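> The sequence and its predicted three-dimensional model are supplied below.
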Amino acid sequence: MQTTDKTKELSTTLVLVNDKLHFTGHADTNAPVSIDYIPPLGDNLGYTSLELFLLSISSCVGSAVLILLRKMGKTISEFRINSNGIRRNQHPTGFSNITLDILLKSPDATQADLDKVLSMSNEKLCPVWAMIDGNVEVKVNSEVIKAL
């Protein structure tokens, strides 16, 4: 007998908006996001799927890092991740490389603290990163700036 743990099941809905590739998508009762493709196949009216993926890995890594730093008692003044993905030349043209540039401003966190929680995020906490591990090279550049 198979049981389903609802806390581990995620559902989304995607609806075609026009006669090209413009969709709206949402999960549960969250606000919808606009997803489209570049012309001529789409009208560039929303995020592309790969842009959403970069946001997804960034928010996954960011969430793990912030949770761990806060558990360490660190104060976060500012946190930012800029992501960049390089697409493969051959189909499917998914990412071959992703770079995450992380900026942390904190009065009490060190680069060693950030490096430690980034390692933990990669190895144990971020499911998005884990799903692409071994298929996409992920490079992380990070900087800690002392906030006053």
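Ah, there it is.
> Take the helix or strand of the chain with the lowest mean pLDDT, keep the C-alpha atoms, and write them as PDB.
Of all helical and strand segments in the chain, the minimum by mean pLDDT, DSSP states H and E falls on helix 127-132, at a mean of 94. Extracted in PDB, the C-alpha atoms of helix 127-132 (Å, rounded to 0.1, in the frame of the first residue of the first chain):
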ATOM      1  CA  PRO A 127      16.900  20.600  -3.800                       C
ATOM      2  CA  VAL A 128      17.200  22.700  -7.000                       C
ATOM      3  CA  TRP A 129      21.000  22.600  -6.800                       C
ATOM      4  CA  ALA A 130      20.900  18.800  -6.100                       C
ATOM      5  CA  MET A 131      18.700  18.100  -9.100                       C
ATOM      6  CA  ILE A 132      21.300  19.600 -11.500                       C
END
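> Pull out the buried residues from that helix.
For helix 127-132, a neighbour-count test (16 or more other C-beta atoms under 10 Å) marks Val128, Trp129 as buried. Glycine gets a C-beta too; all of them are placed from N, C-alpha and C.
> need the contact list for Leu148.
The contact partners of Leu148, by C-beta atoms under 8 Å, 6 or more residues apart in numbering, come to Pro107.
> ugh, typo on my part, it should be Asn18
Listed by C-beta under 8 Å, 6+ apart, the contact partners of Asn18 are Asp43.
> For the remainder of this discussion, apply numbering that starts at 56.
Will do, 56 is the new start, and the previous item becomes Asn73.
> separation between it and Ile157?
Distance from Asn73 to Ile157, counting by C-beta to C-beta, to the nearest Å: 37 Å.
> returning to that earlier point: now for the least confident helix or strand of the chain, which elements pack on it?
helix 104-126 (3 or more C-beta pairs under 8 Å, 6 or more residues apart in numbering; DSSP states H and E).
> For the following helix or strand past the helix it packs on, could you pull out the residues that count as buried?
For helix 104-126, the following helix or strand on the C-terminal side (DSSP states H and E) is strand 133-142. Residues Ile136, Ser138, Gly140 are the ones in strand 133-142 that count as buried (16+ other C-beta under 10 Å).
> Tell me how far strand 133-142 lies from the chain's centre.
Here strand 133-142 is found 9 Å from its chain centre; the criterion is C-alpha atoms, centre = their mean, to the nearest Å.
> partners of the next helix or strand after the least confident helix or strand of the chain in the sheet?
Next along the chain after helix 182-187, taking DSSP H and E as the criterion, comes strand 192-201. Using DSSP bridges, strand 192-201 pairs in its sheet with strand 150-161 (parallel).
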